[in-house]
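Asker: Have a look at this fold, sequence not included:
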């Protein structure tokens with residue numbers, strides 16, 4: 001391998017990590033339960049942004065470790081719990097949701113992330129809305 005090729009490869013790997021724009025972003029979640037009178041709009045943070053990936057078109061020529069498809073995912077997160085207003089006594093009126101503290105580019109972990117982008121927008125209220133700012 002020529003020194004130019006090695007330097008270009010190293011520069012690409014280093015620049016790929018620094019060019020990633022993955023960070024906590026403000027997001028509003030709409031939560032409602034069938035039994036409850038209100039929909040709750042919760043302001044939180046999620047991980048969103050751009051992560052450098054490597055094109056897998058040449059997958060037969062590359063090692064498996066070189067075929068990374070990174071996503072913007074949680075590095076640190078915490079959970080908060082809110083009370084949904086207007087619920088009858090027999091209903092559990094609590095809802096827990098994640099809050100992104102910090103983010104990273106990495107493999108998508110399906111234990112706590114939805115790794116598929118939905119095509120249908122379902123984040124809206126069908127009942128009267130209350131805003132929750134924590």
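Answerer: Arrived safely, thanks for sending. Worth saying up front: this structure is predicted, and the values here are computed from it rather than measured.
Asker: Which residue ranges of this structure form strands?
Answerer: Under the criterion DSSP state E, the chain carries strands at the ranges 21-32, 39-50, 71-83, 94-106, 129-132.
Asker: Would you mind finding the most buried of these?
Answerer: strand 39-50 (a mean of 18; mean count of other CB atoms under 10 Å). Every residue, glycine included, has its C-beta placed from N, CA and C.
Asker: now it and strand 94-106, what's the angle there?
Answerer: Using axes from the mean of the first three to the mean of the last three CA atoms, to 10 degrees, the inter-axis angle of strand 39-50 relative to strand 94-106 is 10 degrees.
Asker: Neighbouring strands - and their directions - for strand 39-50?
Answerer: Under the criterion DSSP bridges, strand 39-50 sits next to strand 21-32 (antiparallel), strand 129-132 (parallel) in its sheet.
Asker: who's in contact with residue 91?
Answerer: When contacts are counted by CB atoms under 8 Å, 6 or more residues apart in numbering, residue 91 touches 33, 35, 36.
Asker: Mind pulling the model confidence for the last one?
Answerer: Reading off the confidence values, residue 36 has pLDDT 91.
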